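Student: Provided below are the primary sequence and the corresponding predicted coordinates.
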Amino acid sequence: MTKTIERFLACVEMGGVMTIINLVFGKIDYSFTFLMMVMVIDYLTGLACGWSDKSLSSDKATKGLFKKMFVLIYVIIAHHLDIMLKVDFCRIGICYMYAAGEVLSIIENGTKLGVPVPEPIKKALKIMNKET
């Protein structure tokens, strides 16, 4: 095959993958992109915490991935609720809600690693930890 045909086929394959992702999750807007970004960062910082305090385990890591998988399932459900109800806020609301939780978890992981955090954020983390 020539390089032109290979490039064309790669573009067709990527287009197919992106179409499927778009059908399942809805449009790939910034709320979804941000959620995906903070989910990856939270997972990586969680691994760093586990490594630093010698408590890293494959069971914890797998459990964390399953939790993130369920967040994505909730995004899928919310997207299809938007379609059924002819609205455009369920999926965005789910993305923002879970993104906020991921950001707090990233900050919490940072404090475990010794990164200084402003006092109001520390208070918010204490309140969050009391409720869970």
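Tutor: Ah, there it is.

Student: alpha carbons only for contacts and neighbour counts from here, please
Tutor: OK.

Student: what's the single longest helix in the protein?
Tutor: What stands out as the longest helix in the chain, according to DSSP state H, is helix 58-85.

Student: for that helix, buried residues please.
Tutor: 61, 64, 68, 71-72, 74-82 (16 or more other C-alpha atoms under 10 Å).

Student: quick test: name the residue nearest the centre of this protein.
Tutor: For the chain, the residue nearest the mean C-alpha position is residue 39 (3.0 Å; C-alpha atoms, centre = their mean).

Student: could you list the low-pLDDT ranges of the protein?
Tutor: Applying pLDDT under 70 to the chain flags residues 1, 131-132.

Student: those helices in this structure, which residues are they?
Tutor: 3-25, 30-52, 58-85, 90-112, 119-131.

Student: related to what we said a few turns ago, let's have the buried residues of helix 58-85 in a markdown table, adding distance to residue 5.
Tutor: Putting the buried residues of helix 58-85 into a markdown table (distance: C-alpha to C-alpha, whole Å) gives the following:
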| residue | distance to residue 5 |
| --- | --- |
| 61 | 41 |
| 64 | 41 |
| 68 | 37 |
| 71 | 38 |
| 72 | 35 |
| 74 | 39 |
| 75 | 36 |
| 76 | 34 |
| 77 | 38 |
| 78 | 39 |
| 79 | 35 |
| 80 | 36 |
| 81 | 40 |
| 82 | 39 |
